[in-house]
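Participant: no sequence for this one, just the structure:
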């Protein structure tokens, strides 16, 4: 059974406890950080800057830098982290990472 976009977004919302009903909800990085912290709880011990309610572009960039640090810390394959694709909220990069 294939996992579709709506199922993936519902799972992200459940895991992150943040609203996530469309791909654009991933743009701030908050949902992905929430998922990463839930799936890999030891990430909470790593000192990363996170903006849970980003209001400005530079705060969103802080979140994306933290996601990149988390991916490296977890030794996940670099090809899973298509930063431009994820930041643009495209489905394939999101699906590949999750």
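Facilitator: Yep, it's here. Note that the structure is a prediction, hence the values are computed from the model and not measured.
Participant: starting at the chain centroid, how far to the top helix by length along the chain?
Facilitator: Secondary structure of the chain per DSSP state H: the longest helix is helix 57-73. Distance, stretch centre to chain centre, for helix 57-73: 9 Å (Cα atoms, centre = their mean, to the nearest Å).
Participant: and it, which residues are buried?
Facilitator: Buried positions in helix 57-73, judged by neighbour count with 16 or more other Cβ atoms under 10 Å: 59, 60, 62, 63, 64, 66, 67, 68, 70, 71. C-beta coordinates here come from the backbone N, C-alpha and C atoms, glycine included.
Participant: give the next helix or strand downstream of that helix.
Facilitator: helix 83-87 (DSSP states H and E).
Participant: how about low-confidence regions in this protein?
Facilitator: Along the chain, segments meeting pLDDT under 70 span 1.
Participant: nearest the geometric middle of it, what residue?
Facilitator: Nearest to the mean C-alpha position of the chain, by Cα atoms, centre = their mean, lies residue 32 at 1.8 Å.
Participant: which of the helices or strands spans that one?
Facilitator: helix 30-39.
Participant: from the contact counts, what lies against that helix?
Facilitator: For helix 30-39, the elements it packs on are helix 5-16, helix 57-73, judged by 3 or more Cβ pairs under 8 Å, 6 or more residues apart in numbering; DSSP states H and E.
Participant: show me what the first one is in contact with.
Facilitator: The one in question is helix 5-16. For helix 5-16, contacts defined as Cβ atoms under 8 Å, 6 or more residues apart in numbering pick out 18-23, 25-26, 30-35, 38-39, 91, 94-95, 98.
Participant: does residue 44 sit in a helix, a strand or a coil?
Facilitator: helix (DSSP: H, G, I helix; E, B strand; the rest coil).
Participant: show me the contacts for it.
Facilitator: residue 37.
Participant: ok, now how distant is it from residue 7?
Facilitator: Applying Cβ to Cβ, to the nearest Å, the value for residue 44 to residue 7 is 26 Å.
Participant: again with residue 33
Facilitator: In this structure, residue 33 and residue 7 are 21 Å apart, going by Cβ to Cβ.
Participant: next one: residue 69
Facilitator: Distance from residue 69 to residue 7, by Cβ to Cβ: 28 Å.
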